[in-house]
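S.K.: here is a sequence together with a model predicted from it:
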Amino acid sequence: MQIIHTADLHLDSRLETNLDPVKAKERKRELLLSFDNLINYAKNNNVEAILISGDLFDRPKISAKTREYILGIIEDAPMIQFLFIYGNHDFNMFQEHPMGLPSNLHIFKDKWETISFKNVDITGISGEGISPALYDNLCLNRSKKNIVMLHGDITNLNSIPLSMLKERNIDYLALGHLHKYQRGKLDDRGIWVYPGCLEGRGFDEEGPKGFVLLDITDSSIESKFIPFSKRILHDIKVDITNCDSWVEIRRNVTLKLTDIPQSDMIRIRLVGEYDLSLIKQNELLERSLNQQYYFARVSDESRLRINPKEYENDISLKGEFIRNVLASKLSEDDKNRIIEYGIKALMKEEI
């Protein structure tokens with residue numbers, strides 16, 4: 001038997017933090033289509049069940065258009081059972097629609113419930129941070145292969161205390177909430193797994209995204225991460241310490257992007273130190289990259305390199321300005337930015 005474990009799709013996200021309205025709308029459609037493609041993958045590979053460990057949607061109130069689309073593609077795959085627990089973003093989002101849900105969609109509520117297949121029991125409960133007393137009510141058949149679905153953070157004892165799940169005959173703990181693929185040992189019998197999100201939405205969700213495919217036999221549960229996202233987000237640091245011109249900066253950026261597909265999304269973070277003589281062209285660099293990649297952002301985290309001794313005896317307006325800023329009680333970051341903007345103003349450059 002094959003099962004897919006996914007979570008944290010966050011469908012109907014606004015996505016306007018990084019993207020312009022046109023791209024945000026397009027990316028929202030891509031997230032929906034990724035779930036559709038996931039179902040097609042399941043159909044083509046004889047997957048019998050898809051486990052959704054919470055946060056299928058980004059919030060409890062979503063557009064009717066999105067809701068009907070998702071329910072429609074689930075209903076159109078009657079050969080697959082969909083087992084769903086609510087997360088902290090979409091809790092009780094189907095509460096207003098108790099009638100008319102697809103017969104192959106099962107939603108776990110706020111008490112433990114088990115759905116049995118031929119050689120595996122799948123047990124779940126909805127919500128984040130369930131009462132510790134409920135863990136004592138988790139009773140699993142030792143002779144069956146057991147999958148347990150939960151949504152929460154195992155690093156937060158108030159969310160999911162792993163210690164209370166040990167030695168309970170769990171073979172596979174199907175988690176949701178953390179957006180990066182992770183796995184670890186639960187006890188001598190079982191493992192815990194976060195599949196991560198299906199598509200990255202922001203640069204805190206960089207790297208390959210996908211789902212976990214489980215191959216279950218009478219003797220074992222084998223799991224494998226399957227990269228599946230349409231686009232990958234890349235957060236790339238470029239050190240400009242030794243750059244003497246904006247051309248060198250662009251050259252260093254280009255080298256970092258050699259193996260990245262143009263359909264992906266990138267954020268370039270300029271780091272290191274630079275001299276006052278360096279004229280950066282960050283806005284033009286960002287515009288140029290956006291002509292090559294689906295989305296690009298340039299973030300300047302570099303620091304101005306200033307030796308105060310060089311300006312001790314400088315009687316120019318620039319020297320006086322730099323000495324006054326350096327003598328202020330501002331933070332080092334603020335001093336650097338003020339000096340940079342001030343020098344640009346003195347040179348009649350655009351700020």
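M.R.: Okay, I see it. All figures in this text were calculated on a predicted structure; none of them were measured in a lab.

S.K.: show me where the stretch 101-250 of the chain has strands.
M.R.: Ranges of strands in the stretch 101-250 of the chain, per DSSP state E, counting those that start in this stretch, are 105-108, 113-116, 120-124, 145-151, 172-176, 182-185, 191-194, 210-216, 221-227, 233-239.

S.K.: can you put those strands in a markdown table and add mean neighbour count and distance to residue 275?
M.R.: C-beta coordinates here come from the backbone N, C-alpha and C atoms, glycine included. Listed next are those as a markdown table, based on neighbours: other Cβ atoms under 10 Å; distance: least, Cβ to Cβ, whole Å:
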| stretch | mean neighbour count | distance to residue 275 |
| --- | --- | --- |
| strand 105-108 | 19 | 60 |
| strand 113-116 | 15 | 65 |
| strand 120-124 | 22 | 59 |
| strand 145-151 | 26 | 50 |
| strand 172-176 | 28 | 48 |
| strand 182-185 | 12 | 42 |
| strand 191-194 | 21 | 44 |
| strand 210-216 | 21 | 44 |
| strand 221-227 | 15 | 42 |
| strand 233-239 | 17 | 14 |
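
S.K.: tabulate the ones you listed (CSV), appending distance to residue 311 and mean pLDDT.
M.R.: Shown next, in CSV, are the strands of the stretch 101-250 of the chain (distance: least, Cβ to Cβ, whole Å; pLDDT from 0 to 100):
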stretch, distance to residue 311, mean pLDDT
strand 105-108, 67, 94
strand 113-116, 72, 96
strand 120-124, 66, 97
strand 145-151, 57, 97
strand 172-176, 56, 97
strand 182-185, 50, 97
strand 191-194, 52, 98
strand 210-216, 54, 97
strand 221-227, 53, 97
strand 233-239, 26, 97
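
S.K.: how far away is residue 181 from residue 199?
M.R.: From residue 181 across to residue 199, the span is 13 Å (Cβ to Cβ, to the nearest Å).

S.K.: quick one: low-confidence residue ranges for the stretch 251-351 of the chain.
M.R.: Low-confidence segments of the stretch 251-351 of the chain (pLDDT under 70): 308, 347-351.

S.K.: now the angle between strand 221-227 and the longest helix along the chain, please.
M.R.: Longest helix of the chain, by residue count under DSSP state H: helix 21-44. Relative orientation of helix 21-44 versus strand 221-227 (axes from the mean of the first three to the mean of the last three Cα atoms, to 10 degrees): 150 degrees.

S.K.: could you dump helix 21-44 to PDB, C-alpha only?
M.R.: Presented in PDB, the C-alpha positions along helix 21-44 are these (Å, rounded to 0.1, in the frame of the first residue of the first chain):
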ATOM      1  CA  PRO A  21      -0.500  41.800  -7.300                       C
ATOM      2  CA  VAL A  22      -0.300  40.200 -10.800                       C
ATOM      3  CA  LYS A  23       2.400  37.700  -9.700                       C
ATOM      4  CA  ALA A  24       0.700  37.100  -6.400                       C
ATOM      5  CA  LYS A  25      -2.500  36.100  -8.200                       C
ATOM      6  CA  GLU A  26      -0.600  33.800 -10.500                       C
ATOM      7  CA  ARG A  27       1.300  32.200  -7.600                       C
ATOM      8  CA  LYS A  28      -1.900  31.600  -5.800                       C
ATOM      9  CA  ARG A  29      -3.200  29.600  -8.800                       C
ATOM     10  CA  GLU A  30       0.100  27.700  -8.900                       C
ATOM     11  CA  LEU A  31      -0.400  26.600  -5.200                       C
ATOM     12  CA  LEU A  32      -3.800  25.300  -6.100                       C
ATOM     13  CA  LEU A  33      -2.500  23.500  -9.200                       C
ATOM     14  CA  SER A  34       0.300  21.900  -7.100                       C
ATOM     15  CA  PHE A  35      -2.400  20.200  -5.000                       C
ATOM     16  CA  ASP A  36      -4.200  19.200  -8.200                       C
ATOM     17  CA  ASN A  37      -0.900  17.800  -9.500                       C
ATOM     18  CA  LEU A  38      -0.300  15.900  -6.300                       C
ATOM     19  CA  ILE A  39      -3.600  14.200  -6.700                       C
ATOM     20  CA  ASN A  40      -2.700  13.300 -10.300                       C
ATOM     21  CA  TYR A  41       0.600  11.800  -9.100                       C
ATOM     22  CA  ALA A  42      -1.400   9.700  -6.600                       C
ATOM     23  CA  LYS A  43      -3.700   8.500  -9.300                       C
ATOM     24  CA  ASN A  44      -0.800   7.600 -11.600                       C
END
